[in-house]
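A.B. asks: Could you work out the structure for the sequence below:
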Amino acid sequence: MSVTPELEDQLKKMIVELLFLKIQPDEIGTDDDLMETIDLDSVRIFDIVVGLETEMDIEIDEDEFDIENFRTVRQIAEFITKKQAGA
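C.D. replies: Numbers count the residues shown, from 1 in each chain. Okay, the predicted model is just below:
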């Protein structure tokens with residue numbers, strides 16, 4: 001199962017809304033390091049995880065709470081795609 005541009009766009013929109021960012025979703029590059037571009041930290045990652053669980057209907061285990069799963073929009077999309085596929 002491959003990542004779709006629609007999923008990446010949905011994630012960008014969700015991130016902007018959840019974190020109350022004052023930018024447009026399309027200002028976030030798919031491969032931008034979110035730690036640098038939007039000052040993503042562990043608290044904000046937790047907010048994204050909660051949002052993902054709600055919006056994507058997935059459960060993220062504690063051991064999956066790894067920064068490498070959430071560093072870029074593409075990595076988040078790949079992580080979600082694997083979770084939804086049951087991998």
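
A.B. asks: And the helices in this structure?
C.D. replies: Read by DSSP state H, the chain holds these helices, from start to end of the chain: 5-18, 34-37, 42-55, 73-85.

A.B. asks: Show the average pLDDT along the first one.
C.D. replies: Going back to what we said before, that points to helix 5-18. Per-residue pLDDT over helix 5-18 has a mean of 96.

A.B. asks: mind listing what's buried in it?
C.D. replies: Applying a neighbour-count criterion of 16 or more other CB atoms under 10 Å, one finds 7, 8, 9, 10, 11, 12, 14, 15, 16, 18 buried in helix 5-18. Heads up, the C-betas are built off the backbone N, CA and C, glycines and all.

A.B. asks: ok, residue 28 - how many residues close by?
C.D. replies: Summarising burial for residue 28: neighbours were counted as other CB atoms under 10 Å, giving 22.

A.B. asks: Against residue 33, how distant is the residue most central in space within the chain?
C.D. replies: Per CA atoms, centre = their mean, the C-alpha nearest to the average position across the chain is that of residue 76, at 4.2 Å. Applying CB to CB, to the nearest Å, the value for residue 76 to residue 33 is 12 Å.

A.B. asks: Could you list the low-confidence segments of this structure?
C.D. replies: Low-confidence regions of the chain, defined by pLDDT under 70, span residues 1, 87.

A.B. asks: same thing but 90
C.D. replies: Within the chain, the stretches falling below the threshold (pLDDT under 90) are 1-3, 42, 57, 62-63, 65-67, 84-87.

A.B. asks: What residues does residue 35 make contact with?
C.D. replies: Contact criterion CB atoms under 8 Å, 6 or more residues apart in numbering gives 41, 67, 71 as the residues in contact with residue 35.

A.B. asks: Which residues are in contact with the second one?
C.D. replies: Spelled out, it's residue 67. Residues near residue 67 by CB under 8 Å, 6+ apart: 35, 45.

A.B. asks: related to what we said a few turns ago, turn the buried residues of helix 5-18 into CSV, columns for distance to residue 57.
C.D. replies: Shown next, in CSV, are the buried residues of helix 5-18 (distance: CB to CB, whole Å):
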residue, distance to residue 57
7, 13
8, 18
9, 18
10, 13
11, 14
12, 19
14, 13
15, 18
16, 21
18, 16
